[in-house]
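**Student:** next one to model:
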Amino acid sequence: MYLPFPLPIYISSSAGPCVLKQLPNRPRLWPCCCLAVALCLLAALPSSAQDFSQDIRPLLSDRCFACHGPDADRRESDLRLDQEDSVLADRGDYRIIVPHQPQASQLWTRISSADEDSIMPPPNSGVPPLTAVEQSMIFDWIAQGAPWSTHWAYAMPQEHAIPDVDGTNHQAENWIDAFIANPIQKSGGEFSDVADDMTLIRRLSFDLTGLPPTRSDVLTIQEQGPLGIQRFVDRLLASTAFGERMAVYWLDLVRYADTVGYHGDQDHNISPYRDYVINAFNDNLPWDQFTVEQLAGDLLPEPTQEQIVATGYNRLLQTSHEGGVQPREYLTIYQADRVRNLSAVWMGATVGCAQCHDHKYDPYTAEDFYSLAAFFADIDEARHFDVGSDSVPTKRPPEIPVLSRGQRQLQATYESRLQQLLQESDSVTEQRQKIEASLASLDASARLSMITVAIEPREVRLLPRGNWLDDSGPIMAPSVPQFLQYDFDDIVGDADRANRLHLARWLVDPQRGIGLLTARVFVNRLWMILFGQGLSRSAEDFGGQGQPPSHPELLDQLALEFVRSGWDVKHMLRLITSSRTYRQSSIPKQWHQEHDPENRLFARQNRFRLPAEMIRDTALAASGLLLQRTGGPSIKPYQPAGYYRHLNFPKREYQATQNEEQWRRGLYVHWQRQFLHPMLRAFDAPMREECTAQRARSNTPLAALVLLNDPSFIEAARGMATRVLLAAQPRDKDSVTIQRLFEMAVSRPPDSYELRQLQDLLMAARGEFSVHPQRAEELLSIGMSTTDRELEDCELAAWTTVAHAVLNLNETYTRN
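**Tutor:** You can find the predicted model right below:
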């Protein structure tokens, strides 16, 4: 007897599926008794429990939802595999799924068929077929009764009991560790060892401030003993560098840039918004308030200047200032951009996929898309079509002049003193004039910033197939997605029309809105910042095409904790960094490599290259050149000549910043969307045309060439060399100086091999520059920082060469 198609039969076990036998194929032989025997054998085999959210729904979404999912226009056979009722419905002489009976279920029949006219997915669909293992998972799931659950991202987080964990290898520092250790223990594994103090100090410093630790940090922590690390965390969270580090990530999410993006990519005025973000994280502004102020600060009663500046979020999208632009077309483009970003940043969703038709993988409809777009119909955006130009910066009204927080404090002091003087005699006229001049100077130094001003909302229609020329669709009122309504009507109350303030409150209200879902999205991203990957690896998409979390109960608990804490970001970071899970070594043991090579169990820490801005910051910090001044306008680092040669409307010449501002942090680098700075591009910084929830990490020759040739890094190497030479004592050996230089970059002394290699390099460089002193002059002329005249050129050039080598080490820019 032969089967009509090759049928791999699997035994499901904790060790993985095991093939019993595959019988040879004999086309066109269909003995029913044989097939029945095979299916009965398969049904009788032991099966492993299949979780619908973790195992089955992702398969159905990836292979089936395009034709049998939420999109009504593309749906085949009136079948929705994303809805339990549709799957279990009686369809006359068959059912898609008969719980506990795979062989009676049409789903199993079709996915396991050998007939090209019957098998699903169809061979000509472009969708990969289900593998034998995937088929067996669906078979097992049906045999278990086809248990169904709501998609994990749309189910409200629930309280979960803290798991019991046995054994010294799973000692928990806090409840996070119990949730992580439990599946590790069940898998027969164990936590990695605790990281050594130096690794942990460096990890914390990079994660919480984006900067390497100083030598004084290390010495202080070592003196304080066990309490030193926790005090170090508190100090990092209290530093202004913390807000700058967090702002780097937030600006990726909201696609912050210094230029408009389209056509001529002219500069626009928005840098005060960046200051707002930095200050908000440093002030530990509750994250729900942070959300409301950005989306609708202008709609708050008596908003402050900072709350108005926060609404610059609504103006961060790309705009065009090309002559002949069709306002109606671009207003449609702008509203779509805003919906995409809103859903990506706060909902971890891809609502933008519903612009032309219902979403293919998630329950978002085209009506949901345009209802969300209607919230932004009151934004005064159209004026730039009349006054925007090819000037740099271009005009994008409404804009207001903005003083920094420090300038406002100084202004208040001046005004208070002026009021006192005005009440005194005329003999203080000269003092009044000086103060008035100072106030005028402050006003003149104010930066312009785009803001949101509410106007009469324009009409928003549902656009058939997303066509801006087709206005036959219905007029849409502002509303939230239908399947996520909850008590949105209660949030709106007696208002005639829902507005952006209602939308913002719905996003963060844990009782009447989706606040708990929003919290889950953000805490997953906090986890990603601290581990290099989220509990759900698809930080940008919590929908059907995203990856379910490896530890769903832990993610729920973190979301609940975030809300209970009053949306306290620093509390969450302090909690996670105090866990045993966070403080593990990143060095894998044999078990990790064999059973969890991708570290999905978090049985060890992760090691990864720093983001682009932090690579720059690390080099500047080691050199002593880094200017740590918070806030202010963008700066322009050195850049290759001619890089802007194709940038038109208008033609412009790049002018690098020519003062100490040149050495500010990477956060403040001018973000030119079409021509992003080459160093940022080489290290995977995004163009910020769309929301970026997780950057790529590449390893390319271009990145190595940047570290070798970018003037900023050569100048940083000279700064490092200058520091160690000026600090050296007359009797210090080269080995002592090399050790100090090495510690500046990687926070540890070199081992014997590294020391020997750097000593050889130093000797070779001394020989090179003594024979060719002009090469020393050329090397030391790179960059605008001055060379200390106390140092001899050839010696400084030789040490610069050694420092440059150290700044090119992988370890210098790796977070372990």
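
**Student:** does L501 touch D298 like I think?
**Tutor:** No: judged on CB atoms under 8 Å, L501 makes no contact with D298 at a distance of 9.0 Å. Placement of C-beta: from N, CA and C, glycine included.

**Student:** so, low pLDDT: which residues of the stretch 101-250 of the chain?
**Tutor:** Counting by pLDDT under 70, the stretch 101-250 of the chain contains low-confidence ranges at 167-172.

**Student:** show me where it has its helices.
**Tutor:** With DSSP state H, counting those that start in this stretch as the criterion, the stretch 101-250 of the chain has helices at 106-111, 132-143, 175-186, 197-209, 215-224, 226-238, 240-253.

**Student:** where does the residue nearest to A72 when sequence neighbours are not counted fall, phi/psi-wise?
**Tutor:** Closest residue in space to A72, ignoring its immediate chain neighbours: D358 at 5.6 Å, by CB to CB, 6 or more residues apart in numbering. Main-chain dihedrals, D358, degrees, to the nearest 10: phi -60, psi 150.

**Student:** next, the contact list for the closest residue to W175 other than its chain neighbours, please.
**Tutor:** In this structure, W175 finds its nearest non-sequential neighbour in I162, 4.9 Å apart by CB to CB, 6+ apart. Residues near I162 by CB atoms under 8 Å, 6 or more residues apart in numbering: W175, A178, F179.

**Student:** how about G69?
**Tutor:** So G69 contacts S61, R75, R80, L81, D82, K360, Y361, G544 (CB under 8 Å, 6+ apart).

**Student:** in the chain, which residue is most central in space?
**Tutor:** Ranked by distance to the mean C-alpha position of the chain (CA atoms, centre = their mean), the top residue is A693 at 3.1 Å.

**Student:** helix or strand: which one has I400?
**Tutor:** strand 399-402 (DSSP states H and E).

**Student:** next SSE downstream of that strand?
**Tutor:** helix 405-422.

**Student:** pull out the buried residues from that next one.
**Tutor:** Neighbour-count burial for helix 405-422, with 16 or more other CB atoms under 10 Å as criterion, is recorded at R405, Q407, Q411, Y414, L418, L421.

**Student:** possible to save those residues as a markdown table with distance to E715 and pLDDT?
**Tutor:** Converted to a markdown table, the buried residues of helix 405-422 look like this (distance: CB to CB, whole Å; pLDDT from 0 to 100):
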| residue | distance to E715 | pLDDT |
| --- | --- | --- |
| R405 | 31 | 93 |
| Q407 | 30 | 94 |
| Q411 | 36 | 95 |
| Y414 | 38 | 93 |
| L418 | 44 | 89 |
| L421 | 47 | 84 |
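
**Student:** list just the nearest of the residues you listed to P597.
**Tutor:** Nearest to P597 out of the buried residues of helix 405-422 is R405 (CB to CB; 47.6 Å).

**Student:** what's the nearest residue to the closest one if we skip its chain neighbours?
**Tutor:** In space, R405 is closest to N279, 6.3 Å off (CB to CB, 6+ apart).

**Student:** and if you look at A153?
**Tutor:** Closest to A153 by CB to CB, 6+ apart is F542, at 3.7 Å.

**Student:** need the contact list for that neighbour.
**Tutor:** A153, M347, G348, A349, R520, V521, S536.

**Student:** helix/strand/coil for it?
**Tutor:** Three-state assignment for F542 (DSSP: H, G, I helix; E, B strand; the rest coil): coil.

**Student:** any idea how far it is from S343?
**Tutor:** 10 Å (CB to CB, to the nearest Å).

**Student:** need the residues touching each of those two.
**Tutor:** With CB under 8 Å, 6+ apart as the test, F542 and S343 both reach A349.

**Student:** send me stretch 194-209 as CSV with only the CA atoms.
**Tutor:** In CSV, the C-alpha atoms belonging to stretch 194-209 read as follows (Å, rounded to 0.1, in the frame of the first residue of the first chain):
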residue,chain,number,x,y,z
VAL,A,194,26.7,37.7,37.1
ALA,A,195,28.7,40.2,35.1
ASP,A,196,31.9,41.5,36.6
ASP,A,197,31.7,45.1,38.1
MET,A,198,33.5,46.7,35.2
THR,A,199,31.3,45.2,32.6
LEU,A,200,28.2,46.1,34.6
ILE,A,201,29.3,49.7,35.2
ARG,A,202,30.0,50.2,31.5
ARG,A,203,26.7,48.6,30.5
LEU,A,204,24.7,50.8,32.9
SER,A,205,26.5,53.9,31.7
PHE,A,206,25.8,53.2,28.0
ASP,A,207,22.2,52.1,28.6
LEU,A,208,21.2,55.0,30.8
THR,A,209,23.3,57.9,29.5
